[in-house]
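[1] have a look at this prediction, sequence included:
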Amino acid sequence: MKHCILIAYLFSIKFVYCKTKIENIINNKERYTMKSTLKKLLPFAVVGVMSGATTVGALQYFNHDSNNSDQSYFTKSSNVSFAGMNSASVGDDFVKAAKTTVPAVVTIKNYQSRATSRASEQDLFDFFFGDPFGGGRGQQRQKPQQQAPDNMPSGMGSGVIISPDGYIISNNHVVAGANKLEVVLSNKKSYIATLVGTDPNTDISLLKIEEKGLPYLNFANSDNIDVGQWVLAVGNPLGLNSTVTAGIISAKGRGIGILGGQGKAANPIESFIQTDAAINPGNSGGALVNTNGDLIGINSAIQSTTGYYQGYGFAVPANLARKIVEDIKKFGIVQRGFLGVQSLDLSDDMQVAAYNQQKKANIKSGSGIYVTGFGDKSGAEDAGLKVGDVITKIDGTAITDFADLSMSIGSKRPGDKVQVTYQRNGKENTTTVTLKDQQGGTSTRTKADLSVTEKIGAEFQSIDERTKSYYGLNSGVVAKNVVEGSEMAKAGIVDGYIITEINGKPVNSQKDVENLLNKFSGTAQIKYMDDYGRNYQRGFKMP
């Protein structure tokens with residue numbers, strides 16, 4: 001009807017114009033005959049008649065079309081909405097999901113008693129969930145961080161309650177180095193938490209508070225999520241408790257090299273969910289949920305030039321996170337299966353180019369994992385794989401890059417069997433591989449089965465007499481592969497530090513360390529020297 005009104009309005013303009021023209025002719029008393037006047041007015045009359053006819057025709061057309069079931073461009077339906085923009089429905093989903101999620105997301109306060117050991121080391125802890133003392137989140141520190149007062153946390157992050165009896169999942173970097181962990185619920189009730197276990201390789205940790213009847217979130221099957229799907233990120237960014245942000249899943253299976261690149265994980269598993277929901281320092285360990293309020297990921301990292309949100313957030317998939325916490329609850333440690341292959345990611349052009357240059361090879365970039373070698377007691381080698389094979393599928397799921405492979409294998413345990421599909425000389429083959437742990441075993445282990453170095457989280461290398469003489473030492477071993485959050489890390493030791501004594505006894509080899517601590521219980525004393533030749537004495541509790 002409004003289009004008919006528009007036509008009628010145009011017609012009225014013509015009529016006014018005609019009327020004005022006639023009045024001007026009469027008022028000016030032009031000396032023309034009636035015949036010439038009519039000639040001048042004739043075109044306007046014709047326009048008027050045509051406009052009137054158009055108006056009537058349009059009325060008839062639209063009245064007729066409104067009764068037609070065919071959907072024309074114009075419609076009188078009161079039920080109109082833009083395709084794909086049902087904002088009321090989406091809004092209702094967000095409200096429901098937020099109400100479900102917010103009570104199950106907690107603040108985690110990390111209290112530490114020691115100063116940061118290295119002045120120039122950029123810590124995941126500061127980068128992703130901030131320094132409450134204003135040291136500049138995400139910025140590399142130029143001098144050692146001062147010790148926080150005993151009543152002030154060194155950092156804060158988020159966590160998600162996953163059971164009514166108080167189990168909480170978070171990130172490893174949120175709890176790393178803590179001697180006390182405080183959990184604050186959305187209702188402001190506070191608890192001191194027990195750290196049940198951590199896994200630097202996936203950046204997952206499990207905590208426990210003593211309470212019952214808590215609100216909690218259910219794990220969703222993260223294999224079923226789709227790019228473009230709506231999600232909410234819930235956490236405590238920048239000290240703003242219970243913050244909810246919305247976005248979509250931007251990508252799946254994303255590897256960004258942060259876990260291994262920061263030197264915190266020996267065998268990192270990176271197959272992140274990427275989202276554009278706003279994630280900032282403090283969100284780490286918080287929930288990424290679907291519109292049903294189901295947990296699909298644990299927010300872990302951002303990619304940014306400023307240390308703050310720039311549209312790229314990353315979460316550990318729920319399926320992987322759930323497997324890690326199940327292992328920690330049941331065994332006390334993570335059960336990790338390995339194929340036992342050394343590999344080249346064919347999707348990484350730079351990696352392929354570097355390999356070709358180093359090996360004088362001519363490997364082509366593409367899709368899949370190129371086998372370059374095998375570890376000791378390799379399950380893949382036992383199953384018949386050879387150097388030069390290209391792994392393309394695990395259990396029928398396509399393997400396009402290393403993130404796919406690490407997720408497919410890293411979510412399984414020693415003794416599990418997988419179907420490995422590979423290309424050899426242009427032909428596709430499939431074989432069954434039994435996964436093994438790093439010692440070549442196929443059975444699960446508990447903490448009691450761990451070696452001393454595994455328990456304390458470091459390995460040790462003997463140093464030569466020249467190095468001892470340079471530093472004026474009579475004994476010493478160099479720490480390497482120090483695990484973040486381990487007893488060695490809590491004592492302030494990082495890779496490259498020299499341990500000189502344990503419990504007052506000199507150490508010159510890893511075997512010395514193992515012999516001194518093998519049957520020891522309680523608090524051990526350790527003396528070590530840092531990069532600058534400064535000596536320290538610390539204690540740690542033998543696990």
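    Thanks, I have it.
[2] what bridges to the closest residue to K393 other than its chain neighbours?
    Nearest residue to K393, sequence neighbours excluded (CB to CB, 6 or more residues apart in numbering): T421, at 3.6 Å. Bear in mind the C-beta positions are built from the backbone N, C-alpha and C, glycine included. Beta-bridge partners of T421, counted by DSSP bridges, are K393, T430.
[3] and T421, how many neighbours does it have?
    19 (other CB atoms under 10 Å).
[4] surely it touches E428?
    Yes - counting by CB atoms under 8 Å, T421 does reach E428; the two are 6.3 Å apart.
[5] quick check: neighbours shared by those two?
    Taking CB atoms under 8 Å, 6 or more residues apart in numbering as the criterion, T421 and E428 both touch T392.
[6] re the thing from before, spit out the contact partners of the residue nearest to K393.
    So T421 contacts 391-394, 396, 428-430 (CB under 8 Å, 6+ apart).
[7] can you list the low-confidence ranges for this protein?
    1-92, 114-151, 262-264 (pLDDT under 70).
[8] in it, which spans are helices?
    2-27, 34-65, 87-101, 124-129, 172-175, 258-261, 318-331, 349-359, 379-382, 402-410, 452-456, 465-471, 487-490, 510-517 (DSSP state H).
[9] what sits up against stretch 309-317?
    171, 202-204, 222-223, 233, 247, 250, 254, 256, 271-280, 283, 288, 296-304, 407.
[10] how many residues are close by the closest residue to G384 other than its chain neighbours?
    In space, and not counting its chain neighbours, G384 is closest to T431: 5.3 Å by CB to CB, 6+ apart. The tally of other residues near T431 (other CB under 10 Å) stands at 15.
[11] related to what we said a few turns ago, top of the contacts of T421 by number of neighbours, please.
    I391 (24 neighbours).
[12] ok, it - contacts?
    By CB under 8 Å, 6+ apart, the contact set of I391 is 341, 343, 368-369, 371, 385, 399, 405, 420-422.
[13] please repeat the previous calculation with a cut-off of 7 Å.
    Contacts of I391 were listed using CB atoms under 7 Å, 6 or more residues apart in numbering, and they are 368-369, 371, 399, 405, 420, 422.
[14] residues near the spatially closest residue to G522 that is not a sequence neighbour, how many?
    Leaving aside its chain neighbours, G522 sits nearest to M542 (6.4 Å; criterion: CB to CB, 6+ apart). Residues near M542, counting by other CB under 10 Å, number 15.
[15] quick one: contacts for M542?
    Neighbours of M542 in contact, by CB under 7 Å, 6+ apart: 517, 520-522, 524.
[16] return the distance of the residue nearest to T400 when sequence neighbours are not counted relative to K417.
    Ranked by CB to CB, 6+ apart and with sequence neighbours excluded, the top spatial neighbour of T400 is S367, at 4.7 Å. Between S367 and K417 the distance is 24 Å, computed by CB to CB, to the nearest Å.
[17] just A479 next, same as before
    37 Å.
[18] these two - which one has more neighbours?
    A479 (21 against 15).
[19] residues in contact with the more buried one?
    A479 neighbours (CB under 7 Å, 6+ apart): 458, 460, 488, 493, 495-497, 499.
[20] list only those of the residues you listed flagged as buried.
    Buried by 16 or more other CB atoms under 10 Å: 458, 460, 488, 493, 497, 499, out of the contacts of A479.
[21] gap between the fifth one and S469?
    I take that to be Y497. 18 Å.
[22] next: the third one.
    The spacing between M488 and S469, counted by CB to CB, is 26 Å.
[23] count of neighbours near the residue nearest to T400?
    14.
[24] phi and psi next, for it.
    When read as degrees, to the nearest 10, the backbone of S367 gives phi -130, psi 140.
[25] quick one: it and S347 touch, right?
    Yes - with contact defined as CB atoms under 7 Å, S367 reaches S347; the gap is 5.9 Å.
[26] need the overlap of contacts for these two.
    T400.
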